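1. Next come a sequence and a model predicted from it.
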Amino acid sequence: MKVILLQEVENLGEGGEIVNVKNGFGRNYLIPRGLARLATPSTVKAWEEERRQASRKLAQKQGDAQNLANELAKMDIVLRAKVGEENRIFGTITSAQLVEALAAQGVTVDRRKVELAEDVRTLGVYTASVKLHPEVTAALKFRVEPEGGVAPAPAAPQPAAE
C-alpha cells in the first residue's frame with residue numbers, strides 16, 4: 001500500500017514522502033493517527049498543490065518581512081526617559097517600550113521578537129534586533145533622550161567638611 005506521510009515517522013520517512021507500507025500498518029496505525037494519507041493519484045495531486053501553495057505563501061511572508069525590515073532600518077525612533085546624574089536614566093528601557101514607540105509610528109511588532117543586545121541605562125544611540133521571519137532579522141536603531149529635552153548638568157563637587 002502506498003501512503004503519503006503527513007509528518008515525519010520514525011524509521012519510515014519525512015513528511016511529504018510517498019512510501020510503501022504493509023496494508024495493516026497503513027490502515028490500522030498511520031491513517032487513523034493522522035500520520036499518513038492513502039496515496040491515490042488524486043490525493044498525490046492535491047498534496048503537491050498544497051505544498052506548492054504553502055511554499056508560495058511562505059515566500060510571500062518572507063518578502064513582506066524583508067520589506068518591513070527595510071522600513072524599520074529607515075525609522076528614527078526616539079524614547080524619552082527621566083534622567084538622573086551622569087545621564088543615567090531611572091530604570092531600564094525595555095522591548096515593550098520600544099514596541100510602543102513602533103506602534104505610535106504605525107508598525108506592529110510582537111515584543112517577544114524584539115531583542116536588546118544590552119541593558120539600556122544611559123542616554124545614547126542603541127541597536128535592537130527584531131526577528132520578523134525565520135530568515136529575516138531587522139536591525140532597529142533608536143535614541144534615548146531625556147524627558148525634558150535637555151540632560152541635567154553634572155552635580156558640582158561639594159567642598160569637604162572640616
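-> All right, it came through fine.
2. So for this structure, the centremost residue is which one?
-> Centroid check for the chain by C-alpha atoms, centre = their mean gives K131 as the closest residue, at 3.3 Å.
3. domains in this structure, as residue ranges please.
-> 2-62, 66-146 (automatic domain parsing).
4. next one: phi and psi at the residue nearest to the centre of the chain?
-> phi -90, psi 100 (degrees, to the nearest 10).
5. what number of residues lie near the spatially closest residue to it that is not a sequence neighbour?
-> Nearest non-adjacent residue to K131, counting by C-beta to C-beta, 6 or more residues apart in numbering: K113, 4.7 Å away. From N, CA and C alone the C-beta is placed, and that goes for glycine too. The tally of other residues near K113 (other C-beta atoms under 10 Å) stands at 15.
6. and if you look at G26?
-> G26, neighbours per other C-beta under 10 Å, totals 21.
7. quick one: contacts for the closest residue to it other than its chain neighbours?
-> Spatial nearest neighbour of G26, chain neighbours left out: M1 (4.6 Å); criterion: C-beta to C-beta, 6+ apart. By C-beta atoms under 8 Å, 6 or more residues apart in numbering, the residues touching M1 are N20, V21, K22, N23, G26, R27, L38.
8. Nice, that's everything, thank you.
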